[in-house]
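K.L.:
Below: sequence and its predicted model.
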Amino acid sequence: TVLRERDGKERLVYTGFWKGSFDLYVTDVDEPVEAPQTVEIPSEPAQAGDIEGFEPDIQVAIDEANKEKYGGYKFFLEDAQSIVGVDTDQTVLGRVLLTFSDYLGDRRILAALSTVESFSNFDILYADFSNRLQWQTHLFDRRAYYLRRDLVRPEDPRFFDREKLAYQITGAIGSIVYPFSFYQRAELGVGYVVRKVNLPVPSFDPDDADGVDFIPFEDDFPLVQGALVGDSTVFANWGPIAGRRWRLDANYSPDLSEGGTLNASADLDVRQYIPVTRRSNIALRGFAGYATGNLPDPFFFGGLDTLRGTRFYSQSGDRAFFANMEYRFPLIDILATPWLNFQGIRGVLFFDVAGAWFSDFEDFDFYDSDDGRLVDALAAYGFGFTVRFFGLDLNWDIATLTDLGDFESNETSFWIGYRF
């Protein structure tokens, strides 16, 4: 479309696709835009002819003696992401993800450095994608904690005791990766780990309301792991808007001292994004984990965008699940001030439900139809908003923790990073 201004100048208005969305653009033109011309299309099909070979204006001779195999061991920083979170009880966590690549993208190094309170973690992965059958090595040291319910107030999920529940696992894993297509792949790896963990055991103390105690334990063992992965997510400049992501993990470790299985676990993480309009969508996520064996590793989660309204890592057990449903929509495109501009202000409505338990010592009842409330599971609902500031997503969530009955508790959390 031609836009004619009062001084006689013409500007061209056109539509274009940029950063995942269509928009209108305007540009100046050096010469007047002429009237459209009618071109007669021949009714007979065009006959194929020989295409002349392209000859560049400058030709450079290739010296065979100067040819050498591409090394690809010079890396540069390709991407950097960060996540910072502050919970309502002033629990602080941070994470930095650095991605390095060679010039062809055949080899990559991923370094994830994170902290939770005074616990520091690192994951370093080197991957070789130069062939169809790919391989990678993974070094990690993870130190964290998970919470148990306060025995003085076991009926109130807001109160937990962090004592004696530290968790540390250090190891190395080598894997091969085979992509079935652009969207799906399979992984198979072996490794060795050293574990320091507080494990649940039956408690015969009458003061322990839940009948579970935790003892410190150290061991080391080999492991075999496999995974099936799929990802067809479509991203806009504010995050995922369509497609699906999923990952199915399985781990097995033999018990070399007592015999049998030391730890066998499987977990599934599925995420689905359903566009509602060009700038809003529904985001769904489901996670389920199952662990068994003589001394299985526990799952732990809570806080941020897993089960909002609870403390960080407050849900733990060898059986675990959580589900999230969000409706994401734009609020304000830009909020300009004399000093700073806040862009991409978006809102979210959410509903979470989750549960976790140790199967050997605890019973789990999801819902009581007679009382019309959740029994051992918890749910949260509420709203939040995200502000894009200097390339970072600042997130505020206001959640109401509930059992869908009489219990309700309002909690607020702030964190920096991308929503799932």
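P.N.:
Cool, got the structure.
K.L.:
any idea what the closest residue to Ser413 other than its chain neighbours is structurally, helix, strand or coil?
P.N.:
In space, and not counting its chain neighbours, Ser413 is closest to Asp397: 5.1 Å by C-beta to C-beta, 6 or more residues apart in numbering. C-beta: built from backbone N, CA, C; applies to glycine. Here Asp397 is recorded as strand under DSSP: H, G, I helix; E, B strand; the rest coil.
K.L.:
residues touching Asp397, list them.
P.N.:
305, 308, 348, 350, 382-384, 412-415 (C-beta atoms under 8 Å, 6 or more residues apart in numbering).
K.L.:
same deal with Trp238?
P.N.:
Going by C-beta under 8 Å, 6+ apart, the list of residues near Trp238 reads 344, 346, 386, 388.
K.L.:
Tabulate those in a markdown table, adding columns for pLDDT and distance to Ile282.
P.N.:
Output for these, formatted as a markdown table (pLDDT from 0 to 100; distance: C-beta to C-beta, whole Å):
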| residue | pLDDT | distance to Ile282 |
| --- | --- | --- |
| Gly344 | 80 | 19 |
| Arg346 | 93 | 14 |
| Thr386 | 91 | 16 |
| Arg388 | 82 | 21 |
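K.L.:
Which pair of those residues spans the longest distance?
P.N.:
Arg346 and Arg388 (8.3 Å; C-beta to C-beta).
K.L.:
count of residues packed around Asp128?
P.N.:
For Asp128, the count of nearby residues is 15 (other C-beta atoms under 10 Å).
K.L.:
how far away is it from Val375?
P.N.:
49 Å (C-beta to C-beta, to the nearest Å).
K.L.:
Likewise for Phe180?
P.N.:
42 Å.
K.L.:
Point out where the stretch 251-400 of the chain drops to low pLDDT.
P.N.:
For the stretch 251-400 of the chain, no stretch has pLDDT under 70.
K.L.:
okay, Phe180 and Val375: which has more neighbours?
P.N.:
More crowded of Phe180 and Val375, by other C-beta under 10 Å: Val375, with 14 against 11.
K.L.:
Could you check how far the more buried one is from Gln315?
P.N.:
From Val375 to Gln315 the distance is 15 Å (C-beta to C-beta).
K.L.:
for Tyr25, same thing?
P.N.:
48 Å.
K.L.:
what does Ala172 give?
P.N.:
Relative to Gln315, and taking C-beta to C-beta, Ala172 is found at 29 Å.
K.L.:
cool, Ser257 as well?
P.N.:
From Ser257 to Gln315 the distance is 31 Å (C-beta to C-beta).
K.L.:
the more surrounded of the two?
P.N.:
Comparing Ser257 with Gln315 by other C-beta under 10 Å, the one with more neighbours is Gln315, at 28 against 9.
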